[in-house]
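>>> sequence and predicted structure below; questions after.
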Amino acid sequence: MARRASSSTNPFLLAGIGVAIIALVIVGKILMTKKAESFSDAFPLDVKAFLEDGNAFRGDEFFIEGKIDEKLRWTPSDGQIVSIRVKTPGGEEIIPIRIPNKFSDLNIDREQSYAFKIDIKEGGIPIATSIKRL
């Protein structure tokens, strides 16, 4: 008499697939959380209001995203000042940002997109406290 093939599924195969799915979910969650954590304690900068009165934003932290328009100035003691193009509902606006020397290891290039966490100092000058290339 011929034997029939077993049609049951291998329990080790099912367990392996389950572990792989759980691992993918955990890795995805970690990666998504890391990006959100970096700027989670800052609000997006209202560019229009900032351009009207930047000094009113003094002492607060914000984040802003845009493309580097120009590298305006660099000094060994103060770092560099760049201008970024930011998309707003009314069109693109240009915002200057001072990048301290602690970011000297970053190669900030024109026409590259970055996200900046900024602290607004006296006179309404935005100073980068964290930078991410997008």
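Cool, got the structure.

>>> switch to C-alpha atoms for all contacts and neighbour counts from now on
Noted.

>>> mind checking the longest helix of the chain?
Secondary structure assigned by DSSP state H gives helix 11-38 as the longest helix of the chain.

>>> what mean pLDDT would you report for that one?
Per-residue pLDDT values across helix 11-38 average out to 76.

>>> counting by contacts, list what whichever strand or helix holds S83 packs against.
S83 belongs to strand 79-88 when elements are defined using DSSP states H and E. Applying 3 or more Cα pairs under 8 Å, 6 or more residues apart in numbering; DSSP states H and E, we find strand 79-88 packed against strand 61-75, strand 91-99.

>>> need the residues that contact it.
Counting by Cα atoms under 8 Å, 6 or more residues apart in numbering, strand 79-88 makes contact with 47-48, 64-74, 92-101, 104, all of which sit outside it.

>>> using PDB, list the CA coordinates for it.
Written as PDB, here are the backbone C-alpha positions of strand 79-88 (Å, rounded to 0.1, in the frame of the first residue of the first chain):
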ATOM      1  CA  GLY A  79      31.200  78.900  12.200                       C
ATOM      2  CA  GLN A  80      29.200  79.700   9.100                       C
ATOM      3  CA  ILE A  81      26.100  81.500   8.000                       C
ATOM      4  CA  VAL A  82      24.000  80.100   5.300                       C
ATOM      5  CA  SER A  83      20.700  81.100   3.700                       C
ATOM      6  CA  ILE A  84      18.100  78.500   3.100                       C
ATOM      7  CA  ARG A  85      15.100  78.500   0.700                       C
ATOM      8  CA  VAL A  86      12.000  77.500   2.500                       C
ATOM      9  CA  LYS A  87       8.700  76.600   0.800                       C
ATOM     10  CA  THR A  88       5.700  78.500   2.200                       C
END
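
>>> buried sites along that strand?
Within strand 79-88, the residues that qualify as buried are Q80, I81, V82, S83, I84, R85, V86, counting by 16 or more other Cα atoms under 10 Å.
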